[in-house]
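[1] Predicted model, plus sequence, below.
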Amino acid sequence: MHRLADSLSVRCYGASHGSHAHEHFQILLGLDGVLELEVNGRGQRIAAGDGVVIAPWDRHDFEATGSARCLVLDSRDARWQRANAKPEPRALTLLASYLAAACDSALPRARLLGPSLLLEAWTPPVAVRRSRRAIDWAALTAWAQAHGHEALQVGDLASRVHLSTAQFTARCREDLGRSPMAWLRELRLAEARHFKSQGLPVAEVARRTGYRSPSALTAALRKQADH
């Protein structure tokens with residue numbers, strides 16, 4: 001069965017013509033006047049800048065004292081199910097006015113693209129989950145070992161992998177189960193044990209692994225051994 005195209009038009013409403021329903025979505029945006037609307041027994045007023053999405057087969061009735069002018073879209077696009085019950089007026093007022101003028105002037109391109117523009121402006125954006133770049137822990141380990149004599153901080157490690165300090169801290173806990181400084185401390189103590197096994201003096205080992213004194217290194221090694 002051929003799918004009917006969405007239809008965009010400007011309509012004027014007056015006295016009620018009785019309740020009815022459609023097999024498609026009907027979207028109304030107020031342009032002038034006030035339209036009294038009842039959808040499935042619930043009342044609503046559509047003034048200039050207001051809008052409503054009427055779902056397929058929802059019974060509804062319209063009435064206006066004097067006349068009310070609305071931009072109306074008849075659509076079979078299922079994405080209207082995601083639409084907010086009421087739009088953000090500032091996001092749609094200018095667009096509705098332009099599309100209404102396009103309808104009055106029979107501008108074909110605007111009427112063709114109008115339904116998609118309305119849907120995009122009305123519906124909330126879909127959150128896009130950005131893929132996270134994996135941290136190359138082997139490369140970061142090699143870099144930290146090469147700079148073992150420096151007083152490295154979390155910010156130094158984070159900038160190396162192009163993350164903020166908070167982001168790097170969170171990723172370190174996720175990937176390694178410990179804080180960045182705990183990881184760095186374990187790495188340096190492993191290096192210290194390796195250097196000591198090669199017969200290097202404790203003072204030289206402390207210098208190479210970033211400890212301020214041999215006694216500080218000895219205390220750190222003893223504390224780790226006790227745990």
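    Received, thanks.
[2] So which residues make contact with stretch 146-160?
    With Cβ atoms under 8 Å, 6 or more residues apart in numbering as the test, stretch 146-160 has contacts from 140, 143-144, 164-165, 167-169, 180-181, 184, 188, 191, 207-210. All C-beta spots, glycine's among them, are computed from the backbone N, C-alpha and C.
[3] And those residues, which of them are buried?
    Neighbour counting over the contacts of stretch 146-160 (16 or more other Cβ atoms under 10 Å) leaves 140, 144, 168, 169, 180, 184, 188, 191, 207, 208, 209, 210 as the buried ones.
[4] you'd agree the fourth one is in a helix?
    Yes. With the criterion set as DSSP: H, G, I helix; E, B strand; the rest coil, the secondary structure at residue 169 is a helix.
[5] Which is the succeeding secondary structure element to the lengthiest helix in the chain?
    With secondary structure taken from DSSP state H, the chain has its longest helix at helix 180-197. Remark: after helix 180-197, the chain's next helix or strand is helix 202-208, criterion DSSP states H and E.
[6] Show me how far that next one is from its chain's centre.
    49 Å (Cα atoms, centre = their mean, to the nearest Å).
[7] mean confidence score for it?
    Per-residue pLDDT over helix 202-208 has a mean of 85.
[8] what's the answer for stretch 159-167, then?
    92.
[9] what sits against the closest residue to residue 148 other than its chain neighbours?
    Distances taken as Cβ to Cβ, 6 or more residues apart in numbering put residue 209 closest to residue 148, at 5.0 Å, once the chain neighbours are dropped. Going by Cβ under 8 Å, 6+ apart, residue 209 touches 148, 149, 188, 189, 191, 192, 195, 217.
[10] just residue 140 next, same as before
    Counting by Cβ under 8 Å, 6+ apart, residue 140 touches 157, 160, 161.
[11] closest to residue 30 among the residues you listed?
    residue 161 (52.3 Å; Cβ to Cβ).
[12] Any idea how many residues pack against the closest residue to that closest one other than its chain neighbours?
    Of all residues beyond its chain neighbours, the one nearest residue 161 is residue 135 (5.2 Å), with distances taken as Cβ to Cβ, 6+ apart. As a burial measure, residue 135 scores 19 neighbours (other Cβ atoms under 10 Å).
[13] hang on, isn't residue 135 packed against residue 174?
    No. Assessed by Cβ atoms under 8 Å, residue 135 is found out of contact with residue 174, at 9.7 Å.
[14] Poorly predicted segments of this protein, please.
    Along the chain, segments meeting pLDDT under 70 span 1-5, 84-91, 124-131, 227.
[15] What are the boundaries of the helices in it?
    Secondary structure of the chain (DSSP H): helices at 89-104, 108-122, 137-146, 154-160, 165-176, 180-197, 202-208, 214-226.
[16] Nearest to residue 46, out of the ones you listed?
    helix 89-104 (11.5 Å).
[17] and the closest one, what does it pack onto?
    Helix 89-104 sits against strand 7-13, strand 25-32, strand 51-54, strand 68-75, helix 108-122, with contacts defined as 3 or more Cβ pairs under 8 Å, 6 or more residues apart in numbering; DSSP states H and E.
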